[in-house]
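S.K.: Show me the folded form of this:
(one chain, ligands or ions: 1)
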Amino acid sequence: MKITVIGSGYVGLIAALGFGIKNNKVICVDKDKEKIKSLKKGIPIIYEKGLDKYLKKCIEEKKITFSTDIKKGIRESNIIFIAVGTPALNNGDVDMTQVKEVINDISKYINEYKVIVNKSTVAIGTQKYIKRMLNDKGISNEYFDIVSNPEFLREGKAFDDFFNTDRIVIGYDSEIAKEIMGKLYKNFNKKIVYTNPETAELIKYASNGFLATKISFINEIANLCDEIGGNVEDISYVLGLDKRISPLFLNAGIGFGGSCFPKDTQALVKIGKKYGVAFNVIKSTIDVNNKQRIIPIKKLLNHYKDISGKIISVLGLTFKPGTDDIREAPAIYIINELIKNEAIVKCYDPNVSRKIKEIYPQIEYCNTPYDTFIDSSCAIFCTEWDEFSKLDLFKLKDKMKEPLIIDGRNIFDYKDVKKAKINYFAIGRGYIYK
Ligand code: UDX
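M.R.: Modelled structure (predicted):
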């Protein structure tokens, strides 16, 4: 099938390449000339496992072309995916500016029937809103159908999630559009759930809200474990044995970050407010998370009282392993607090991005984890990168001024830390201190 994907950000690029790999002819359009120039040369613009491989394959097999020409993109395909950014506004609303710009372009260049598919996470009611917007611009209904097809992929596992998704959701209100979308996804051999557009739009929020709630729930259990001498990992394991709960997303730690959970939970509260639904559960999920991400600071100040002038190492700056994304990363909140408390921050991340160096030019970025430990009074681990669990704890201790680890992701085996005689605080492993 001929597909155009508008927006070459995370969701757009993965979808464009994914559909290319699935033997469709894809045009990926973005107004950012630099991005398109780079993609045309086969150079990835974001970090994602498998991206270079799939980009090269799609270009070589002529499954994808990259362009800044939106007119061409709209005219030459019969399915148009909208995958532009929908960031959160300061008031928690979804910023729909880029979606509106695309609809405006579609109204200018549409020449025959198209299925317009929304993949971005948008405000509820967007499908109807787009319809009205196109009608108001003089485009009659026989020229288009609007479908909502939310994306559930995770950073770091995006291609795997795209090809092996648990579910494909199609929100539709026209049988022709349903048939076309069914054909597009036929060779995925996955469960397709057809529903109305409003439900499809809400499903993404419900899914992310639920997963975020699971994390905040286990984090509160972890905090209680720290007080009573419990072991949250055993609790997560036992909870996970219950098929009704599932073992996933029950890892206690310093909270969730990223481009989705924080934004979508806030949006859900906002949507609830608009329609008179309190969403107290989601409000608490957000509240717990806000406190959870600076728990290492609480533990650190509890231990030292004053950290001004002390070197503190922060390891793992991204919001999770396998990405270079620092959006809403707990490490950012921790670094802010350390700076506020006049500590000297040294940090390390295997995927350190230019972005974080721009935000904090005053802190030291080390090339190895061991360099961060030199003269340090505490090592705070914020992300569970594989290489951290393989660190030589004796070597780590030798380099530190005062051997203290705050393990925000329960990376280390307590027996190893004990052998190395390092002071150690983790999340929900209260049995260690009691
Ligand atoms: C999430 C959803 O999983 C995905 O379906 C949606 O499309 C986008 O949002 P992503 O943000 O890429 O994906 O990351 P995810 O792997 O879900 O992790 C989100 C955050 O939760 C990370 O900060 C991670 O460290 C944290 N997390 C996850 C936990 O603290 N505990 C867990 O058990 C799982």
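
S.K.: Assess the claim that K320 and C382 are in contact.
M.R.: No - using CB atoms under 8 Å as the test, K320 is too far from C382 to be in contact (9.8 Å). In short, each C-beta sits where N, CA and C put it, glycine included.

S.K.: in stretch 301-320, what counts as buried?
M.R.: Neighbour-count burial for stretch 301-320, counted by 16 or more other CB atoms under 10 Å, picks out 304, 307, 310-320.

S.K.: Mind checking which of these land in strands?
M.R.: Among the buried residues of stretch 301-320, DSSP state E puts 311-315 in strands.

S.K.: Adding distance to the ligand and pLDDT, write these out as TSV.
M.R.: Below are these laid out as TSV (distance: CB to the nearest ligand atom, whole Å; pLDDT from 0 to 100):
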residue	distance to the ligand	pLDDT
I311	26	98
I312	21	98
S313	19	98
V314	15	98
L315	14	98
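
S.K.: Count the residues that sit near the closest residue to D416 other than its chain neighbours.
M.R.: Leaving aside its sequence neighbours, D416 sits nearest to L393 (CB to CB, 6 or more residues apart in numbering; 5.7 Å). Other residues lying near L393 total 19 when counted by other CB atoms under 10 Å.

S.K.: which residues touch L393?
M.R.: 412, 416-417, 419-420, 422 (CB atoms under 8 Å, 6 or more residues apart in numbering).

S.K.: cool, and A267?
M.R.: 88, 92-94, 121, 123, 205.

S.K.: K71 too?
M.R.: By CB under 8 Å, 6+ apart, K71 lies in contact with 105, 108-109.

S.K.: Just say helix, strand or coil for N367.
M.R.: Reduced to three states with DSSP: H, G, I helix; E, B strand; the rest coil, the structure at N367 is coil.

S.K.: ok, now which ones touch it?
M.R.: Taking CB under 8 Å, 6+ apart, one finds Y348 in contact with N367.

S.K.: and it, how far is that from the ligand?
M.R.: To the ligand, N367 is 24 Å away according to CB to the nearest ligand atom, to the nearest Å.

S.K.: Arrange the contacts of A267 in a markdown table, one row each, with pLDDT as further columns.
M.R.: Formatted as a markdown table, these follow (pLDDT from 0 to 100):
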| residue | pLDDT |
| --- | --- |
| A88 | 83 |
| G92 | 76 |
| D93 | 83 |
| V94 | 85 |
| T121 | 85 |
| A123 | 87 |
| Y205 | 95 |
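
S.K.: what are the ranges of the helices in the stretch 51-200 of the chain?
M.R.: 51-60, 70-76, 97-109, 126-136, 158-163, 175-185, 197-228 (DSSP state H, counting those that start in this stretch).

S.K.: mind putting those helices in JSON lines, distance to the ligand included?
M.R.: Listed next are these as JSON lines, based on distance: least, CB to the nearest ligand atom, whole Å:
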{"stretch": "helix 51-60", "distance to the ligand": "14"}
{"stretch": "helix 70-76", "distance to the ligand": "24"}
{"stretch": "helix 97-109", "distance to the ligand": "18"}
{"stretch": "helix 126-136", "distance to the ligand": "17"}
{"stretch": "helix 158-163", "distance to the ligand": "7"}
{"stretch": "helix 175-185", "distance to the ligand": "17"}
{"stretch": "helix 197-228", "distance to the ligand": "5"}
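
S.K.: Where do the domain boundaries of the chain fall?
M.R.: The chain breaks down by automatic domain parsing into domains covering 2-195, 204-291, 293-432.

S.K.: Close to the ligand: what parts of this structure are there?
M.R.: 151-155, 208, 211, 215, 249-251, 253, 256-258, 260-261, 319-320 (CB under 6 Å from any ligand atom).

S.K.: Just these: which are in strands?
M.R.: Using DSSP E, none of the residues of the chain next to the ligand sit in strands.

S.K.: of those residues, buried ones?
M.R.: Judged by 16+ other CB under 10 Å, buried ones among the residues of the chain next to the ligand: 151-153, 155, 208, 211, 215, 249-251, 253, 256-258, 260-261, 319-320.

S.K.: if we can go back for a sec, tell me which of the contacts of A267 is nearest to the ligand?
M.R.: T121 (8.2 Å; CB to the nearest ligand atom).

S.K.: What residues does that closest one make contact with?
M.R.: 86, 94, 150-151, 204-205, 260, 263-264, 267.

S.K.: Who are the contact partners of the residue nearest to K57 when sequence neighbours are not counted?
M.R.: Once flanking residues are discounted, K57 sits nearest to I21: 6.9 Å by CB to CB, 6+ apart. Residues in contact with I21 (CB under 8 Å, 6+ apart) are 54, 57-58, 63, 163.
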